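> sequence? don't have it. structure:
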């Protein structure tokens, strides 16, 4: 099972934990924050800049204005004409492609499903969960204040959706963009890991 | 495992066959065309009328105009003020609720996932597949002429999306509306059946 597995996930759904456990189970590298660090090092941008990109995308209209609309809509645009945010996205794209060329891995977030959409060894997974489950997770695991939990979950999801939609021109969370999409609270984190591994294992076994 | 499983599916993805095999495996009733028949009989509408409803929804704009816009947006609208198409949809809704009240079953299509969205025993599944796989299926199984296959697949999917979006106000194929979404061509029909059964079985087993 030599695969690259990308995981997209709702905030608090356990997608990151599922990805980490899946990578451990398969004995392959796991990329998340590490991805940013690596991209930052290779491109010369600071980690701080990378972290700011996703935060900026909270308001899609303001974000588009700030970015001078979608740079990918323009023909023959040079790298130097791209906004800093777009340059960061391109640097991340290069890193994700490089990781994919190196062998099996689990990559969480960063539009990896879109970037590797034509990669023949990639399997794309989406994890979502009931709001109550997510609230419990962010309160207990991320130690988020209870009164802020729901508001933050919705805010972070909106950021992720805007970031994804802006950079890919696709809709975040559309079933058709993922080989497998799982509601994690129904079966729990560990069963979700098993289900993904099982799905991949069943390929070619009628 | 006493569940009601709804299956939404792209045209040609094998969703209907998966549903039928799943029902057989679990030893529970399967509803698809039978659902229409039953709804028709109970409400007094002819089968012919029911079959025309989905066909009409091929063009969402024309459909909305024909339906006098979204009837559910109006307050206190009486059943007699609904268009024939909306009355048919309501009759189907009643039938689906009745089926769900009778015990476990597999229900394919007809917005059943939306109609039973608050049903505590329901598990909602979406099946999609690569276009090449779907073309092969509609040519070999439905005996569709090869030169018409792709056009028809896209047309039928558009109908399903319009029908769903119009009646539910939701987006057809949004991962968040299904417990599980599977790309069927990657693992095949029988493995998809096993994966759904496995997902349901894992509930409550940490």
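Structure received. These figures come from a predicted structure and were not determined experimentally. Numbers count the residues shown, from 1 in each chain, chains lettered A, B, ... in the order given.
> Show me where chain A has its strands.
Counting by DSSP state E, one finds strands in chain A at the ranges A:4-9, A:30-31, A:105-108, A:122-128, A:180-183.
> Let me have these in CSV, extended by mean neighbour count, mean pLDDT and distance to residue B:189.
(C-beta placed from N, C-alpha, C; glycine too.) Output for the strands of chain A, formatted as CSV (neighbours: other CB atoms under 10 Å in any protein chain shown; pLDDT from 0 to 100; distance: least, CB to CB, whole Å):
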stretch, mean neighbour count, mean pLDDT, distance to residue B:189
strand A:4-9, 27, 96, 23
strand A:30-31, 22, 93, 32
strand A:105-108, 26, 95, 27
strand A:122-128, 24, 97, 18
strand A:180-183, 28, 98, 16
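> got CSV for these, with distance to chain B too?
Output for those, formatted as CSV (distance: least, CB to the nearest CB, whole Å):
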stretch, distance to chain B
strand A:4-9, 9
strand A:30-31, 22
strand A:105-108, 16
strand A:122-128, 5
strand A:180-183, 4
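> Throw these into a markdown table and include distance to residue A:24, thanks.
Output for these, formatted as a markdown table (distance: least, CB to CB, whole Å):
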| stretch | distance to residue A:24 |
| --- | --- |
| strand A:4-9 | 12 |
| strand A:30-31 | 8 |
| strand A:105-108 | 9 |
| strand A:122-128 | 16 |
| strand A:180-183 | 18 |
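> Looking at the ones you listed, spot the one closest to residue B:12.
Nearest to residue B:12 among these is strand A:180-183 (19.3 Å), distances taken as CB to CB.
> What is that closest one packed up against?
strand A:122-128, helix A:189-201, strand B:180-183 (3 or more CB pairs under 8 Å, 6 or more residues apart in numbering or on different chains; DSSP states H and E).
> How far does the second one sit from its chain's centre?
Average the C-alpha atoms of helix A:189-201, do the same for its chain, and the two points are 18 Å apart (CA atoms, centre = their mean, to the nearest Å).
> what does chain A have sitting close to chain B?
Taking CB under 8 Å from any CB of the partner chain as the criterion, chain A approaches chain B at residues A:10, A:123, A:126, A:128, A:173-176, A:178-183, A:186-188, A:190-191, A:194-195, A:198-199, A:202-203, A:205-206.
> Low-confidence stretches in chain A?
A:1-2, A:33-34, A:36-82, A:206 (pLDDT under 70).
> ok, the nearest residue to residue A:146 once chain neighbours are set aside to residue A:12 distance?
Once flanking residues are discounted, residue A:146 sits nearest to residue A:139: 5.4 Å by CB to CB, 6 or more residues apart in numbering or on different chains. For residue A:139, the distance to residue A:12 equals 9 Å [CB to CB, to the nearest Å].
> of the two, who's got more company?
residue A:12 (28 against 16; other CB atoms under 10 Å in any protein chain shown).
> Tell me if I'm right that that one and residue A:153 touch.
Yes. With contact defined as CB atoms under 8 Å, residue A:12 reaches residue A:153; the gap is 5.3 Å.
> List buried residues within the residues of chain A next to chain B.
Buried subset of the residues of chain A next to chain B (neighbour count, 16 or more other CB atoms under 10 Å in any protein chain shown): A:10, A:123, A:126, A:128, A:173-176, A:178-183, A:186-188, A:190-191, A:194-195, A:198-199, A:202.
> so what's residue A:205 up against?
B:187, B:191 (CB atoms under 8 Å, 6 or more residues apart in numbering or on different chains).
> Find residues that contact each of residue A:12 and residue A:153.
Joint contacts of residue A:12 and residue A:153 (CB under 8 Å, 6+ apart) are A:134-135, A:138.
> With neighbour count added, can I get those in JSON lines?
Shown next, in JSON lines, are the shared contacts of residue A:12 and residue A:153 (neighbours: other CB atoms under 10 Å in any protein chain shown):
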{"residue": "A:134", "neighbour count": "24"}
{"residue": "A:135", "neighbour count": "18"}
{"residue": "A:138", "neighbour count": "21"}
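> Please enumerate the helices of chain A.
Taking DSSP state H as the test, the helices found in chain A are A:15-26, A:33-43, A:47-56, A:60-66, A:84-102, A:112-115, A:131-140, A:146-168, A:184-187, A:189-201.
> From the chain's centroid, how far away is the longest one?
Yep, that's helix A:146-168 we're talking about. Relative to its parent chain, helix A:146-168 has a centroid offset of 12 Å by CA atoms, centre = their mean.
> Identify each buried residue in that helix, please.
Neighbour counts over helix A:146-168 (16+ other CB under 10 Å) mark A:149-150, A:152-153, A:156-168 as buried.
> now the angle from that helix to helix A:131-140?
If you take axes from the mean of the first three to the mean of the last three CA atoms, to 10 degrees, helix A:146-168 sits at 110 degrees to helix A:131-140.
> so what does helix A:146-168 touch, helix or strand wise?
Using 3+ CB pairs under 8 Å, 6+ apart, helix A:146-168 sits against helix A:47-56, helix A:60-66, helix A:112-115, helix A:131-140.
> what does the last one contact?
Helix A:131-140 has contacts (CB under 8 Å, 6+ apart) with A:10-14, A:144-146, A:149-150, A:152-153, A:184-185.
> Check those residues and tell me the two furthest apart.
A:145 and A:184 (23.2 Å).
> Compare those two and say which is more crowded by neighbours.
Between residue A:145 and residue A:184, counted using other CB under 10 Å, the more crowded position is residue A:184 (27 against 9).
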